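Trainee: Sequence isn't available, so here's the structure alone:
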């Protein structure tokens, strides 16, 4: 039923409720409270303490009004068996009409001391007449919109619940509910809106959190099954013609973790089921070798490869790496990014369509309609969390066949997010750093001192190098860029006069960046002042010092990535964070970075600080919507729900589970792509 037809609503109120996404009475079922008011815990007038909030029930004895200029004051004298107290409303002249003498009223407010009367008074926040529905119980507090009041909304939601809960059927089979201690759905929703006590609240929450996670995991598990059953992939053969040339000439030995993950990737590629694998690895764990194993396997089978990166800088770095590794093997590598001249784009599109370009590296430019492949067999997506689900799907459709997908991320992702964002992917973790790496020491200083400057100079005198990083964010780009430019001049003309200081930032042309980075690699530059363009992919083994200005302006993941630019050899390295921050969140972030170099631990802290909604930024379209569940606090239930979902998905055509399928169909954000299960 449309909510406007609910008793006491009407079109005008309904228009306001629509802003809260309340269009039909059934929407009230999942319009959950953000907090509660426990009206069982009330104090008597004699027990009230100044400067505290209070809940009170009393009888109205007298009502007075007064006006001072434009200031209207309403006072009501309230009494209970322990005493009397004045209650005050400011600029609400209608209060006198609403209150009735000798009627009991429930009141919420703040207790203050009135120096004129030398008595305690209550400044009223909210009030309503006492009845069985609003007293001696826990009541919900809902999110509001302009023109809708809490007690009004509470009444509307309660009426809608009474209407809808009668006919609500639970899609979960009884045996599943009993096995996993799940309340029946109608009770869970009723108790989550109006818990009787803590026990019923926790039981209701457990059921609803389980449901949040279950349907997401159920859809991912079914999608995985359908893909493997219906879509025949490419069964690559491991010829080792190109692979042996590359891996036999590496100047170092692969770690056991790298060997394990390469085996997993090759095993996937040899099956005729499409590979869908996520490879997570901390900074410096050696994901390049994993990518190369997949790339060379595809090339050995005469298939093309596409690598998609989130930024042009990262795409260009991948392109340079691929040229270095593949050109000697006779492989043609091309770069396609948005900033290229149109003539160059057309040429690269032609080379890709004809099959001349065997490996194409690019950004979102790869998924444009104009880009077609002759024989695409493998797609590699770097830093997947910066792409939406649709972009990944668009790249996968660039071939007549179902291609293999390898997702790489240098940003360690907490387990709970891996299960929700990448539940349809197989996972590999590079949990071992190459041998010979020395742990990085991290310091947090309020300002640079002579002792630290002397230490940096001593490192430079040993033939080592340093990064000096300034923040650069869109909101204050010009100011930040000026600070970085002036910073490089200050360092060159001041404390580092006898050393060569260089400057690198994103506004420079690519040729300029290449020249600066080449000079830094060749030690023609000892101190490189940079913005966050060096966050990913830059590898200079002799860089042993990193100074980060205004550390509080960087995210924890970004700080960890920046720190990962040093410590890339067996030389001791130091990261120096400069910050005078006073905010608790910034302090917690910096303290976490000082305490550990483990990216996975930092990822958990980062998720805890920012919460799932902001973890990947507002542009991330892959984050699931959770009505009740918290990805951080409810991970135990997530794992339980995943286990059940995987089990039921394996037999999803069972008539017993049909109600679950029907419920899933009502969730379009999860049901997309599962039409094949009908």
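Mentor: That came through fine. Quantities reported herein were computed from a predicted structural model and do not represent experimental measurements.
Trainee: for the top helix by length along the chain, which positions count as buried?
Mentor: Assignment by DSSP state H gives helix 198-230 as the longest helix of the chain. Across helix 198-230, burial judged by 16 or more other CB atoms under 10 Å covers 200-201, 203-227. Where you see a C-beta, it was placed from the backbone N, CA and C, and this is true even at glycine.
Trainee: and it, how far from the chain's centre?
Mentor: Distance, stretch centre to chain centre, for helix 198-230: 19 Å (CA atoms, centre = their mean, to the nearest Å).
Trainee: From the contact counts, what lies against it?
Mentor: Contacts defined by 3 or more CB pairs under 8 Å, 6 or more residues apart in numbering; DSSP states H and E place helix 198-230 against helix 185-193, helix 415-421, helix 635-649, helix 658-665, helix 668-671.
Trainee: Please repeat the previous calculation with a cut-off of 6 Å.
Mentor: With contacts taken as 3 or more CB pairs under 6 Å, 6 or more residues apart in numbering; DSSP states H and E, helix 198-230 sits against helix 185-193, helix 635-649.
Trainee: Surely residue 438 is in a helix?
Mentor: No. Read with DSSP: H, G, I helix; E, B strand; the rest coil, residue 438 is coil and lies in no helix.
Trainee: correct me, but it touches residue 574?
Mentor: No. Using CB atoms under 6 Å, residue 438 makes no contact with residue 574, being 10.6 Å away.
Trainee: Those two - which one has more neighbours?
Mentor: residue 574 (20 against 13; other CB atoms under 10 Å).
Trainee: Look up phi and psi at the more buried one.
Mentor: When quoted as degrees, to the nearest 10, the phi and psi of residue 574 stand at phi -130, psi 130.
Trainee: and the residue nearest to it when sequence neighbours are not counted, which of the three is it?
Mentor: Spatial nearest neighbour of residue 574, excluding adjacent residues (CB to CB, 6 or more residues apart in numbering): residue 441 at 4.8 Å. Of the three states, residue 441 takes strand under three-state DSSP.
Trainee: again, but for residue 54
Mentor: What three-state DSSP gives for residue 54 is strand.
Trainee: residues contacting it?
Mentor: By CB atoms under 6 Å, 6 or more residues apart in numbering, residue 54 lies in contact with 43, 48, 111.
Trainee: JSON lines please, covering the residues you listed and showing pLDDT.
Mentor: Listed next are those as JSON lines, based on pLDDT from 0 to 100:
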{"residue": "43", "pLDDT": "85"}
{"residue": "48", "pLDDT": "91"}
{"residue": "111", "pLDDT": "93"}
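Trainee: Among those, name the buried ones.
Mentor: 43, 48, 111.
Trainee: Any chance of the residues you listed in TSV with distance to residue 433 and secondary structure as columns?
Mentor: TSV is the format used below for the buried ones among the contacts of residue 54 (distance: CB to CB, whole Å; DSSP: H, G, I helix; E, B strand; the rest coil):
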residue	distance to residue 433	secondary structure
43	59	coil
48	61	coil
111	59	strand
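Trainee: what's the closest of these to residue 141?
Mentor: residue 43 (19.5 Å; CB to CB).
Trainee: dump the residue contacts of that closest one.
Mentor: So residue 43 contacts residue 54 (CB under 6 Å, 6+ apart).
Trainee: switch the cut-off to 10 Å
Mentor: By CB atoms under 10 Å, 6 or more residues apart in numbering, the residues touching residue 43 are 49, 52, 54-57, 80, 82, 111.
Trainee: For ChimeraX, write the select line for the buried members of those residues.
Mentor: Buried members of the contacts of residue 43 can be picked out in ChimeraX with the line below, counting by 16+ other CB under 10 Å:
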select :54,55,56,57,80,111
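Trainee: Could you save the contacts of residue 43 as a markdown table and add columns showing distance to residue 8?
Mentor: Putting the contacts of residue 43 into a markdown table (distance: CB to CB, whole Å) gives the following:
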| residue | distance to residue 8 |
| --- | --- |
| 49 | 38 |
| 52 | 35 |
| 54 | 30 |
| 55 | 26 |
| 56 | 27 |
| 57 | 25 |
| 80 | 31 |
| 82 | 36 |
| 111 | 34 |
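Trainee: closest to residue 324 among the contacts of residue 43?
Mentor: Of the contacts of residue 43, the one sitting nearest to residue 324 (CB to CB) turns out to be residue 52, at 68.6 Å.
Trainee: where do the helices sit along the stretch 251-400 of the chain?
Mentor: In the stretch 251-400 of the chain, the segments counted as helices under DSSP state H, counting those that start in this stretch are 256-270, 287-300, 312-326, 342-354, 389-396.
Trainee: Mean neighbour count, the ones you listed: which tops it?
Mentor: Greatest average neighbour count among the helices of the stretch 251-400 of the chain goes to helix 287-300 (a mean of 23), per mean count of other CB atoms under 10 Å.
Trainee: Specify the local secondary structure of the nearest residue to residue 128 once chain neighbours are set aside.
Mentor: Using CB to CB, 6+ apart and skipping residues adjacent in sequence, the residue nearest residue 128 is residue 151, 5.0 Å away. For residue 151, the assignment made with three-state DSSP gives helix.
Trainee: Ok, the one 3 residues further on next?
Mentor: Assigned state for residue 154: helix (three-state reduction, three-state DSSP).
Trainee: Any idea how many residues pack against it?
Mentor: Residue 154 is flanked by 21 other residues according to other CB under 10 Å.
Trainee: Could I get the contacting residues of it?
Mentor: Residues counted as contacts of residue 154 (CB under 10 Å, 6+ apart) are 33, 37, 128, 133-134, 139-142, 193-194.
Trainee: same thing with residue 34?
Mentor: Taking CB under 10 Å, 6+ apart, one finds 140-144 in contact with residue 34.
Trainee: Can you tell me which of the residues you listed is closest to residue 660?
Mentor: The nearest member of the contacts of residue 34 to residue 660, counting by CB to CB, is residue 140 at 27.9 Å.
Trainee: measure that closest one to residue 329 for me?
Mentor: Between residue 140 and residue 329 the computed distance is 65 Å (CB to CB, to the nearest Å).
Trainee: and what of residue 1?
Mentor: According to CB to CB, residue 1 and residue 329 sit 68 Å apart.
Trainee: Same question for residue 484.
Mentor: In terms of CB to CB, residue 484 sits 39 Å off from residue 329.
Trainee: Same check on residue 312?
Mentor: Noted for residue 312: a distance of 26 Å to residue 329, by CB to CB.
Trainee: Over to residue 608?
Mentor: 45 Å.
Trainee: same check, this time on residue 282
Mentor: Between residue 282 and residue 329 the computed distance is 29 Å (CB to CB).
Trainee: of these two, who's got more company?
Mentor: With neighbours defined as other CB under 10 Å, residue 282 and residue 329 compare such that residue 282 has more, 23 against 13.
Trainee: what's the nearest residue to that one if we skip its chain neighbours?
Mentor: Nearest to residue 282 is residue 599, by CB to CB, 6+ apart, at 3.9 Å.
Trainee: So the one you found is in contact with residue 281, correct?
Mentor: Yes. In this structure, residue 599 is within contact of residue 281 by CB atoms under 10 Å, at 8.7 Å.
Trainee: what's the spacing between residue 628 and residue 166?
Mentor: Distance from residue 628 to residue 166, by CB to CB: 22 Å.
Trainee: So if I had to pick from those two, which one is more boxed in?
Mentor: residue 628 (19 against 8).
Trainee: Skip the chain neighbours and tell me the closest residue to the more buried one.
Mentor: Excluding the flanking residues, the one nearest residue 628 by CB to CB, 6+ apart is residue 208, at 4.3 Å.
Trainee: can you pull the contacts of the one you found?
Mentor: Residues near residue 208 by CB under 10 Å, 6+ apart: 30, 32, 182-183, 185, 188-189, 191-192, 626-629.
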